[in-house]
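> Starting from these lines, generate the structure:
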Amino acid sequence: MEIFNLERRPGFRPPPPVTVDGVQIDEASIAREAQHHPANSPDEAREAAARALVVRHLLLAEAARLEIVPEPETDADGRRETEEEALISTLLRQEVEVPAADRRAAERYYAANRRRFQSPALFECRHILFAAAATDDGGYAAAEARARETLAALVAEPATFERMAETLSACPSGKNGGNLGQVTADQVTPAFAEALARAAPGGIHPEPIATPYGWHVLLLERRIDGRTLPFEAVEAQIRRFLEARVWQHAVKQYVGILVGRAEIGGISLDGATSPLVQ
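The predicted model follows:
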């Protein structure tokens, strides 16, 4: 990729060679690996790639020293690990032990993070869409004017909302009186979600809503508040999360031990982790 062709930059100076215990990681391998490390600059991408390759080298060398026999696994999509991936994952499973998260730890996490386990609020609503592209200044202004005119008429006669939606709305829901059914905040645009949060159930929202699709007149019929899921419903999920977090920390410590034993040149490995743990 052109972005990683560092030699073409004005004033380019070759970076120092990256070595691990006297073995050099060649620049071609670093350039290939850099394509898997999005970064703000070629230098940052190269550094991330070099760190990853050094860590991979250390883990494979340790697997060879311990005469690890790879145990390739197949993921849910049917992809089987390569031999190198299997060597590293088998090494980590053998050498990194973490305790299972118990019920008490899960309960503490649940108590401290209840909002994470709350189902989203549901909104039963109708709308009338006056379609216009936000990039079309004239069309967008005209759509706003029509939305405000319609809103004023509906404030005077709220019972006509469904009929006006059928007549005026550019949304397919117009054929059903503007009915959107039950939606959550993450199913609509941010501006529409904000209006839903502020709207009073049973009434027409007092202002039209601007979105990338145009202008909307909103009727919120009902709001169903989210509920906190019981601990029993999320206990297994919490335990898996806690165990994964402890595992990542333990792997980082294990890699740190390998780094401390090695002679590494041309790169700093502060905060390095396993290629399998990002």
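
> what about the helices in the stretch 151-278 of the chain?
161-168, 190-198, 231-261 (DSSP state H, counting those that start in this stretch).

> Now distance to residue 59 too, for the ones you listed, in a markdown table please.
Placement of C-beta: from N, CA and C, glycine included. As requested, the helices of the stretch 151-278 of the chain are exported to a markdown table (distance: least, C-beta to C-beta, whole Å):
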| stretch | distance to residue 59 |
| --- | --- |
| helix 161-168 | 62 |
| helix 190-198 | 43 |
| helix 231-261 | 7 |
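
> Can I get those helices in TSV including mean neighbour count and mean pLDDT?
TSV is the format used below for the helices of the stretch 151-278 of the chain (neighbours: other C-beta atoms under 10 Å; pLDDT from 0 to 100):
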stretch	mean neighbour count	mean pLDDT
helix 161-168	17	96
helix 190-198	16	95
helix 231-261	15	94
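
> nearest to residue 99, of those?
helix 231-261 (7.4 Å; C-beta to C-beta).

> Can you work out which other helices and strands pack against that closest one?
helix 42-65, helix 83-95, helix 103-112 (3 or more C-beta pairs under 8 Å, 6 or more residues apart in numbering; DSSP states H and E).

> make it 7 Å
Applying 3 or more C-beta pairs under 7 Å, 6 or more residues apart in numbering; DSSP states H and E, we find helix 231-261 packed against helix 42-65, helix 103-112.

> what about that helix, distance to the chain center?
19 Å (C-alpha atoms, centre = their mean, to the nearest Å).

> Return the angle between stretch directions for that helix and helix 103-112.
Orientation check (axes from the mean of the first three to the mean of the last three C-alpha atoms, to 10 degrees): helix 231-261 against helix 103-112 gives 110 degrees.

> For residue 204, which of the helices of the stretch 151-278 of the chain is the nearest?
Of all those, helix 161-168 comes closest under C-beta to C-beta, at 7.0 Å.

> CA atoms only for the closest one - export them in PDB, please.
C-alpha atoms of helix 161-168 as PDB (Å, rounded to 0.1, in the frame of the first residue of the first chain):
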ATOM      1  CA  PHE A 161     -53.300  12.900  12.700                       C
ATOM      2  CA  GLU A 162     -53.800   9.500  11.100                       C
ATOM      3  CA  ARG A 163     -55.800  10.900   8.100                       C
ATOM      4  CA  MET A 164     -53.200  13.700   7.600                       C
ATOM      5  CA  ALA A 165     -50.400  11.100   7.700                       C
ATOM      6  CA  GLU A 166     -52.100   9.000   5.000                       C
ATOM      7  CA  THR A 167     -52.400  12.100   2.900                       C
ATOM      8  CA  LEU A 168     -49.200  13.900   3.400                       C
END
